[in-house]
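J.: Give me the fold of what follows.
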Amino acid sequence: MATHTTNYRSTFIEVAEDCPAEHAEEPPTGEKPTIAALHYRLIAENPYGRTSDDVVFETHALRQGFDPDDAAAREAFFAKGQPCLRSSPLGKRYGWGIDHDADGRVALVARESDDYAMRAADPAVAHTKAMRSRRA
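T.: Sure, this is the predicted structure:
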């Protein structure tokens, strides 16, 4: 069975061109956490501790109510293509860049930070932008 991945290596996902947040914001949490809130929590609580695949699958598992450590469920989930973190509300709506290290592990970078400016100008890593919310 072929497996797909959402992982990038040595890549910086910049904030979407149409992102309304001038400063990075923590997504609101509610009774049932949103995808944005789960992505934020999973990445912020352990910077460079999880890959994009880990974040995407764990978010799916938590929202569907099953064990994120279920290897068979993970294999079935990645048997078909899944949206990568370019489609995450963190970069589309909440002002967070997402840095992928050489091993594919991710961390958040606030749009207004010096760290963001440094990473956005770094020629040693690949650059892409979060997906726009609306068509151009």
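
J.: Go ahead and report the secondary structure state at residue 124.
T.: Classification of residue 124 into helix, strand or coil gives coil, according to DSSP: H, G, I helix; E, B strand; the rest coil.

J.: Over to the one 4 residues further on?
T.: Secondary structure assignment for residue 128 (three-state DSSP): strand.

J.: Which residue is the nearest non-sequential neighbour of it?
T.: Taking CB to CB, 6 or more residues apart in numbering, and ignoring the residues beside it in sequence, residue 128 has residue 13 as its nearest neighbour in space, at 5.6 Å. Backbone N, C-alpha and C define where each C-beta goes, glycine included.

J.: Surely the one you found is within a strand?
T.: Yes: looking at residue 13 with three-state DSSP, it is inside a strand.

J.: Is it bridged to anything, and to what?
T.: In this structure, residue 13 bridges to residue 98, residue 128 when assessed by DSSP bridges.

J.: Can you tell me how far it is from residue 64?
T.: 25 Å (CB to CB, to the nearest Å).

J.: Please say which of the two ends up with more neighbours.
T.: Neighbours around residue 13 and residue 64, counted as other CB atoms under 10 Å, are more numerous at residue 13. The numbers are 27 against 10.

J.: which residues touch the more buried one?
T.: Residues in contact with residue 13 (CB atoms under 8 Å, 6 or more residues apart in numbering) are 85, 86, 91, 97, 98, 99, 100, 128, 129, 130.

J.: per-residue pLDDT, the last one?
T.: At residue 130 the predicted local confidence, pLDDT, stands at 96.

J.: Isn't residue 102 up against residue 8?
T.: No: applying CB atoms under 8 Å as the test, residue 102 and residue 8 come out as separate, 10.5 Å apart.

J.: In a helix, residue 57, correct?
T.: Yes: with three-state DSSP as the criterion, residue 57 is located in a helix.
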